[in-house]
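# next come a sequence and a model predicted from it.
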Amino acid sequence: MEKAAEGFLPFFEDIAFTVPELKKDPTLCIRCRSAALLCGKPVCPILVKASEFARHRGLLKTPTLEGTSPPALFVGRYGWPKVRVGPLVTPELGDTLLYDSPELWVGKSIEEIVGYRTSLVRGTSRMGIEEANDPSPLLQDLQLLSISTTTAEAETTFRRPPRFHLTLSDDVPPYGPTAPVEKFRLGNVKANPRLEKLASDIHAPAKVAVEELYGDGVPVSRIERAFSAGVLGRQGNRKLVPTRWSITAVDDMVSKRNMEKVRELPELSEWWLHTLTALGNRWFVALLPGEWRYESIEAWYPRTLWNPLGGEIVMLGDWENFDGRWRYAGMGGCYYAARVAVTEHLQRIRRQAGIVILREVHPGQIMPLGVWNVREHVRAALQGTPEKLPSYEAMLERAREYLSIPLARWMRQSHWLREWKVQKKLEQFFETAPG
């Protein structure tokens, strides 16, 4: 990990020069993650620099591209309520479904995943979000693409040859060259029957459609794509939703649906632990005895994507109690993505429990991959057999052994680990108090 990060020293030095505000507030980038532009720059300097480092393909020499779409499309957020919408296509023929299927990326290297995504060329066309109700021929094709279950042949004519501008986000997987669309022709498309049914239902609210699709086993990434394309919801209320917003919205809706079911389950009476190391991330997922509560904490080492400067580890986390959370989590979409994974698991084991996720991001993760990285790797961690521990103290000891950051630092950051310690002392007090 350390050696991998050394190759990016110029990257970090350039960020230090470009974002001097980080010296005063090392948490700036972690709190922002390119969404709010807290540094005051017109675009995120970190993503610009990461894009330059990731560039490995030349410009396409022709404005015409014949190939396939995984299927995939992208809805931008800049300029909302008028946004840039278009297909993601690749010159490669054959089955490219893997290129937009994050549920299948666990076990792949960063290089493989970025390779899938940078081969996708994005076409763009400016549209108002309300046009989802009365789509143009181009948007009709994109909406059909959004409910497809297989790779689709596509021919795209751009207004100019696409330029390589790798778009990066902490919520959305990257993609490659971009250009405005002149013409788009879609080949035979095989629609997912469940998505097609809900797309045709003009009376079901979007939330109901999302929950029904998820309950029918449609992958979250497919639901997010359809939600973004504006094919779900009541007639007249359908809207195009920027891709990064649709991902978090669907994760939030799905996990809230799961939480309603989890709250009715018997309480776990043991201490269970799941761990996983992948893509420079170390995951510690603890299941605590008792009722549903949840906390997720990230720790970014120096010279990682959102902590490019200084010598201090920067932490950020959010939590909720049995009743849930009403304010948007400061750590962004990762909070909701992980909540999907843990609520799925609790339903699978037929127990409610407290959940504490501790995530260490070690040097070497220089590129954002999207919140799928969190959702799918927490899912993967929970697939394994849990380590059953005898006590709270034993859980803390395993955290001390498995994680690199000292336990005391985690305890200062964690709400529920500290709360458990306090609750235990109160219980002991009442047990020993005279009757």
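Ah, there it is.
# all helices of the stretch 301-435 of the chain, in order?
Under the criterion DSSP state H, counting those that start in this stretch, the stretch 301-435 of the chain carries helices at the ranges 333-349, 372-383, 392-402, 407-413, 415-432.
# same list, those, but as CSV with mean neighbour count please.
In this view, the C-beta of every residue, glycine as well, is placed from N, C-alpha and C. Output for the helices of the stretch 301-435 of the chain, formatted as CSV (neighbours: other Cβ atoms under 10 Å):
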stretch, mean neighbour count
helix 333-349, 23
helix 372-383, 22
helix 392-402, 16
helix 407-413, 15
helix 415-432, 13
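# so which of these comes closest to V106?
helix 372-383 (4.8 Å; Cβ to Cβ).
# can you list the domain ranges for the protein.
Taking automatic domain parsing as the criterion, the chain consists of the domains 2-52, 64-252, 263-432.
# apart from its chain neighbours, what residue comes closest to T343?
N258 (3.4 Å; Cβ to Cβ, 6 or more residues apart in numbering).
# quick check, pLDDT for that neighbour.
The model reports N258 with a pLDDT of 98.
# please look at it and R348 and confirm they touch.
No: judged on Cβ atoms under 8 Å, N258 makes no contact with R348 at a distance of 10.5 Å.
# of the domains of the chain, which shows the lowest average pLDDT?
Lowest mean pLDDT within these: domain 2-52, a mean of 55.
# coming back round to it: where does the residue nearest to T343 land in three-state SS?
helix (DSSP: H, G, I helix; E, B strand; the rest coil).
# quick one: it from R244, how far?
Computed as Cβ to Cβ, to the nearest Å, the N258 to R244 distance reads 22 Å.
# the two: which has the busier surroundings?
Just comparing N258 and R244: by other Cβ atoms under 10 Å the higher neighbour count belongs to R244, 24 against 21.
# in three-state terms, label that one for me.
Using three-state DSSP, the structure places R244 in helix.
# quick one: residues contacting W283.
Neighbour list for W283: 274-277, 357-359, 377-378, 381 [criterion: Cβ atoms under 8 Å, 6 or more residues apart in numbering].
# what bridges to it?
L276, R359 (DSSP bridges).
# can you tell me how far it sits from D100?
Note on W283: its distance to D100, by Cβ to Cβ, is 24 Å.
# three-state assignment of L65?
Strictly by three-state DSSP, L65 counts as strand.
# I'd say L287 and W272 touch.
Yes: using Cβ under 8 Å, L287 is in contact with W272, at 4.0 Å.
# thinking again about what came up before, how close does the residue nearest to T343 sit to E291?
15 Å.
# likewise for L316?
25 Å.
# more neighbours: the two, which one.
L316 (22 against 15).
# isn't the more buried one up against G332?
No: judged on Cβ under 8 Å, L316 makes no contact with G332 at a distance of 9.1 Å.
# please report phi then psi for the nearest residue to S136 once chain neighbours are set aside.
Spatially, and ignoring its direct neighbours in sequence, S136 is nearest to M127 (7.5 Å; Cβ to Cβ, 6+ apart). Phi and psi for M127, reported as degrees, to the nearest 10, are phi -140, psi 150.
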